[in-house]
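[1] Model the structure of this input:
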Amino acid sequence: MLPWKRALRPVAALLLTTAVAVVPATTAQAAEQAATSHSGWNDYSCKPSAAHPRPVVLVHGTFANSVDNWLGLAPYLVNRGYCVFSLDYGQLPGVPFFHALGPMDKSAGQLSAYIDTVLAATGAAKADLVGHSQGGMMPRYYLKFLGGAAKVNALVGIAPNNHGTTLAGLTNLLPYFPGAEDLLTTATPALAQQVVGSDFMTKLNAGGDTVPGVRYTVIATKYDEVVTPWRTQFLNGPDVKNVLIQDKCAVDLSEHALLGLTDRIAFHEVTNALDPARATPTTCASVVG
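    Numbers count the residues shown, from 1 in each chain. Coordinates of the predicted model:
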């Protein structure tokens, strides 16, 4: 390896660290348990009820996995009568525990196969998807290019990177470090693809943000330090609802990670998106709902 490439590794590491949600300290332990049912989710004997006729598939964010990203939201939904499932995707060879780092078009193919498995197990015709960060955006590739719109009723994105991130301007530094962008792309394709202006983002959003037949909800926080500017998370198109969590509760200080991991105000808004016919107002009091 050339000396200047070796020197770039700390720069790339900084960009990667900034680009993702904080990984809980229990990640390794949680990943080891990913194959088993947790608090009632990933139960393939679960049959959707008349009240909640579609299974909910949770799509984790970058560096996370099918368990640690959902220790808050999955039980919350199970306790409200939903059949809940979560998958691992985007793992790179030789990188244990951490997922959603591989090329996102390939990850969308993994999501497609997983949804087919869930629909076959539950007998449902369609699923609802809830994703955090990359997991709230990557499914749009599945919907748009892999036939997913025929199998999905709704996509709920929690702090999704829908139009690329500037990482609060850090990506503007890439041209000043020769080879840094290539290193980022080679080492962790999904992170490079999430930068504003990437080929992936350009393809994903060409011709419009949405596809017919799917309801979209975006839940964002103005304190997001990962997907910046935070307004770029919002989608344009029919059947879209964009929600700023501080409009529901002005004192909610959740940033990118906590919005998906622990924020029960956001969780309440998720249930409203999954079942709009029974939606109730989301307020600061929703934290105890």
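[2] Leaving out sequence neighbours, find the closest residue to Cys91.
    Actually, residue 91 is Gln rather than Cys. Leaving aside its sequence neighbours, Gln91 sits nearest to His99 (CB to CB, 6 or more residues apart in numbering; 4.9 Å). Where C-beta positions appear, they are placed from N, C-alpha and C, glycine not excepted.
[3] Go ahead and confirm the one you found touches Ala64.
    Yes - using CB atoms under 8 Å, His99 makes contact with Ala64 at a distance of 6.6 Å.
[4] what's around the nearest residue to Val78 once chain neighbours are set aside, how many residues?
    Of all residues not flanking Val78 in the chain, Gly40 sits nearest, at 4.0 Å (CB to CB, 6+ apart). Using other CB atoms under 10 Å, Gly40 is surrounded by 15 other residues.
[5] And for Thr282?
    Considering only other CB under 10 Å, Thr282 is surrounded by 22 other residues.
[6] Tyr223 now?
    Around Tyr223 there are 15 residues (other CB under 10 Å).
[7] Quick one: residues contacting it.
    For Tyr223, the contact set (CB atoms under 8 Å, 6 or more residues apart in numbering) comprises Trp230, Leu253, Ser254, Glu255, His256.
[8] quick one: His52 is in a helix?
    No - under DSSP: H, G, I helix; E, B strand; the rest coil, His52 sits outside any helix and is assigned coil.
[9] Can you read off the pLDDT for it?
    Per-residue pLDDT puts His52 at 97.
[10] just Leu261 next, same as before
    97.
[11] What are the boundaries of the strands in the chain?
    56-59, 84-87, 127-132, 152-158, 215-220, 240-244 (DSSP state E).
[12] Which strands or helices does the last one pack on?
    Yep, that's strand 240-244 we're talking about. strand 215-220 (3 or more CB pairs under 8 Å, 6 or more residues apart in numbering; DSSP states H and E).
[13] Output the longest helix along the chain in CSV with nothing but the alpha carbons.
    When the chain is parsed with DSSP state H, its longest helix is helix 104-122. Provided in CSV are the C-alpha atoms of helix 104-122 (Å, rounded to 0.1, in the frame of the first residue of the first chain):
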residue,chain,number,x,y,z
MET,A,104,-27.3,-1.0,-1.8
ASP,A,105,-28.6,-2.5,-5.0
LYS,A,106,-27.5,-5.9,-3.8
SER,A,107,-29.0,-5.2,-0.3
ALA,A,108,-32.3,-4.4,-2.1
GLY,A,109,-32.2,-7.8,-3.6
GLN,A,110,-31.7,-9.4,-0.2
LEU,A,111,-34.7,-7.4,1.1
SER,A,112,-36.8,-8.6,-1.9
ALA,A,113,-36.0,-12.3,-1.0
TYR,A,114,-36.7,-11.7,2.7
ILE,A,115,-40.1,-10.1,2.0
ASP,A,116,-41.0,-13.0,-0.2
THR,A,117,-40.2,-15.3,2.7
VAL,A,118,-42.3,-13.3,5.2
LEU,A,119,-45.3,-13.1,2.8
ALA,A,120,-45.1,-16.8,2.3
ALA,A,121,-45.0,-17.5,6.0
THR,A,122,-47.8,-15.2,7.0
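[14] Show me what it is packed against.
    For helix 104-122, the packing partners by 3+ CB pairs under 8 Å, 6+ apart come out as strand 56-59, strand 84-87, strand 127-132, helix 139-145, helix 189-193.
[15] thinking Gly289 is in contact with Glu269, fair?
    No - using CB under 8 Å as the test, Gly289 is too far from Glu269 to be in contact (10.9 Å).
[16] Looking at the two, which is more packed in?
    Glu269 (22 against 14).
[17] tell me the phi and psi of the closest residue to that one other than its chain neighbours?
    Spatial nearest neighbour of Glu269, excluding adjacent residues (CB to CB, 6+ apart): Thr282 at 4.9 Å. Phi and psi for Thr282, reported as degrees, to the nearest 10, are phi -100, psi 120.
[18] Number the chain from 37, please
    Done: numbering now begins at 37, and the last item shifts to Thr318.
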